[in-house]
Each structure stands twice: as C-alpha cells, then as structure tokens.
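Q: Need the 3D shape of this:
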Amino acid sequence: MIRAAALAVVAAVVGAAGAGRTATAQAVDAPPIVPFSIRVPDAALDDLKQRLARARFPEPLPPAGWAYGTDLAYLKDLVGYWRDRFDWRAQERRLNQFEQFTTSIDGLPVHFIHRRSKQPNAFPLLVTHGWPGSIVEFTKVIGPLTDPAAHGGRAEDAFDVVMPSLPGFAFSGKPAEPGYDPARIAQMLAKLMARLGYQRYGAQGGDWGAIVNTQVALADPQHVAGLHLNMCTAAAPAGADANAGLSAAEAARMKARQTFQAEETGYQQIQGTKPQTLGIALNDSPVGLAAWIVEKFRTWCDCDGNPEAIFSRDELLTNITLYWVTQTAASSARIYYESRHPTSPVNRNRIEVPTACADFPKEIIWSPRAHVATRYNIVRWTEMPRGGHFAALEQPQLLVDDVRAFFREVRGAKP
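A: Here you go, the predicted model:
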C-alpha cells in the first residue's frame, strides 16, 4: 500500500523558514520519508462484506438498551448499513486528500499525515490521537488549522500539522516486542518532529494523545513551545483531601468521574491486563469490533445517548473500518498494558512547558484545575460550553479556536 519511490525523501526542504520551521534538508543518513497512500485491497473489502453477511448475533435483551453494553438493535442497523451502503472507497479518497507519509523510527514504521500551510510563518503542531480513535478524528480540523484564512480565521494563526498514527495503530508498524509505553512513544514522536526539520513546535492531544504528548513535553522541552490538551488530569496533591478547596460544581463533577471509573472502565482492565485475548476476538469479528468501539463513542461523547446526533454513520464506520482493514485491534489495545507495565524510566517531573487545557464538559477523564496545576504549568484554561471526549470530531470549531488562541501567544514567545 505504500507507493514506494526509491529515494522519496519528502519533507526535506521546508519553504521559507518561519517560527519553528527550518530550510535545512533531512540528514542523509536518516531513514527516508516516503509518500503513502491508503489503498485497501479489494479482497479485504470483499472478505469484510462476507463476514458481515454471516454475522451471528446474541439473543436480544429488550429492556436493557445500552445498560449491558452495545444495544443490539442499534448494532444490527449499523452493521446492515456497513454491509450494504457504506462506501469505503469514498472515505479512502477523502483520507487520501491529506498528505501522508511513512518513515522508520527506531526500527518501526511510523505513518503520519503532514500538511504544510501555505503561510510562510506557520507554526508546527504535533497532534496525537488516542484509542479507539485514529487520524480520522482530525479530518475536520486539518483545513482550519493549516489554512485559517479560508475557514474564518487569520492567516497568522496557521499551522503545519503532523498527525501520526501511534505505534500499533492504523498504518504504523505493530510492535513485535514489549515496551512501547507512552514515554517510549514520545521519544519516537520527538524524533519524528526533528526529522521533519522542526526546531520549535507545539503539541496537542486528548486521550492517549494527551498522555503521550505530555511525555513529549517532558522529553523534548527545549523544542516544545507549548502543550495543548483536551484531556486534563492529575492526582490531588499527596496527602491532601481530594475535595479540599473545590467548588460545589467541581466536587460534583469529581463524584461523577468516580462513578464513571467504577461503572465504565472494564475495557481498561481487559486491555490493561489481557489485551491479546480480546484482540484475537476483535481481529476475527468485524461485528464484535464495531460493538466494542461504537459503545465507547456513544458513552464518551456529548450526545445524550445518541451517537449519530454528533457523528455520522460514515464517520463512525470509517474509524472502525480503519481498525479492521489494518488488523490493529490487538496491537492498539496493548498500549493499555504497556502503560501499566512501563519499561521506560517514569518521569514524574512537573511539566514546565506552557500548557493549555480545553475543558469539555463531558470529558470522561477529568481533574479540577487546582490538581492539574500541580502537575502542569497551566497558562490557559477554557471551560467549553459543550463537547466530550472526541473533541476534534465532536466540536472541531471550539477546539480550533482554543488552539489558535493559545498558540497565538506561545508562538511569539522566546524559547
């Protein structure tokens, strides 16, 4: 699927040098950066349709709805659409509108979107996804970030965006050994930004993207100018009452998050302890994969229980299909295990890089600002009027506006 051109070293020369950009060529001894285009074999799509046609569903539990997990009636309807009406080729063409590449970092292939703005002073921005997300989450923000003038913004707010697929996800390589914990992945992403020639850049992320990019800020503080998160979490100060000094609203939200942890995190326990067992099942059943992923999108979004009030079926199924055709259900789930059993040194230092938090009200993993400020150098905190865990896909304009506003100050500051 890689359109391999023997010496295709893209990202070698970066137009005019702006803040964070360079005009230097890639080091000749570095692994090449190769153009990439998604092209799923017809046989893989035919096999998918055949499996969907042979789907074997369990008995219904009519009164339960979503209480026991994915609602069977909803899933049957979604699977029928996936089998008979969903057009992967159309979604493939849409994704291929974004410039994609692969390179090898520490021996593992890394896939990423890299769109350079037309603006000469565009600021480099590393945007990192989580699970069960992918680069699909960012399709609504790439245009506004790289070409703000065409999307109601100011030209001087332009970014060059780098959006990698994490190791084990989508078209990046699947680690064949343990140890790909967030700190190790962060080192890889810092190397990617260096290989692209960026001397100063920002980082943005939610879910695992927030965790990994936090580690990027710790590992590469001399180059990371600012950190923007849409999942902001930190433990209460050691020995302190977790509710001390909190407003009534913050205390209530903390209690709601505790309920969520008790009732909605079984997936964390499975993926953090036995990801391969689950992965074998999801790798063999597209219906099982859809049930596992769509339930998370419904539960974690700000959608009042109706995921299609926020996401189109095509958006949901494009993300699910990406996991299916790349056979990454198992390899992506392992990030939970690796995080629980890290092999990299754990850096518990405070993040001194200027940090912004976009606080979406239905975010599933949350801490009050007072707690987050003990871990991060918080310089901006925005309480959003709506939105949940998948900010870039749920509320792209709110996220873009906050990213622009934060980096408007950061990009001009001296390192």
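Q: And the helices in the stretch 251-400 of the chain, which stretches?
A: Secondary structure of the stretch 251-400 of the chain (DSSP state H, counting those that start in this stretch): helices at 266-273, 275-284, 286-300, 313-326, 329-340, 369-375, 391-394, 396-410.
Q: Could you pull out the buried residues of the last one?
A: When you say that, I think you mean helix 396-410. 396, 398-404, 406-407, 410 (16 or more other Cβ atoms under 10 Å). For glycine as for every other residue, the C-beta is placed from the backbone atoms N, C-alpha and C.
Q: Which single one of those is nearest to residue 347?
A: For these, the residue nearest residue 347 by Cβ to Cβ is residue 410; the value is 21.8 Å.
Q: and the closest residue to that closest one other than its chain neighbours, how many neighbours does it have?
A: Closest residue in space to residue 410, ignoring its immediate chain neighbours: residue 226 at 3.6 Å, by Cβ to Cβ, 6 or more residues apart in numbering. Neighbourhood size, residue 226 [other Cβ atoms under 10 Å]: 26.
Q: just to revisit the earlier point, how about JSON lines for the helices of the stretch 251-400 of the chain, with mean pLDDT added?
A: Output for those, formatted as JSON lines (pLDDT from 0 to 100):
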{"stretch": "helix 266-273", "mean pLDDT": "97"}
{"stretch": "helix 275-284", "mean pLDDT": "98"}
{"stretch": "helix 286-300", "mean pLDDT": "98"}
{"stretch": "helix 313-326", "mean pLDDT": "98"}
{"stretch": "helix 329-340", "mean pLDDT": "98"}
{"stretch": "helix 369-375", "mean pLDDT": "96"}
{"stretch": "helix 391-394", "mean pLDDT": "98"}
{"stretch": "helix 396-410", "mean pLDDT": "97"}
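Q: Highest mean neighbour count out of those helices?
A: helix 391-394 (a mean of 26; mean count of other Cβ atoms under 10 Å).
Q: What lies in contact with it?
A: 127, 133, 136-138, 140-141, 206, 230, 301-303, 310-311, 315, 358, 360, 387-388, 398-399 (Cβ atoms under 8 Å, 6 or more residues apart in numbering).
Q: And for stretch 306-314?
A: With Cβ under 8 Å, 6+ apart as the criterion, stretch 306-314 contacts 78, 81, 86-87, 91, 294, 297-298, 301-303, 316, 390, 393-394.
Q: can you dump the C-alpha coordinates of that stretch into CSV?
A: Output of stretch 306-314 as CSV, limited to C-alpha atoms (Å, rounded to 0.1, in the frame of the first residue of the first chain):
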residue,chain,number,x,y,z
ASN,A,306,-27.4,9.1,20.5
PRO,A,307,-24.0,8.9,18.9
GLU,A,308,-25.5,9.8,15.5
ALA,A,309,-26.6,13.1,16.9
ILE,A,310,-22.9,14.1,16.8
PHE,A,311,-21.1,11.6,14.4
SER,A,312,-22.4,10.5,11.1
ARG,A,313,-22.5,6.8,10.4
ASP,A,314,-19.8,7.2,7.8
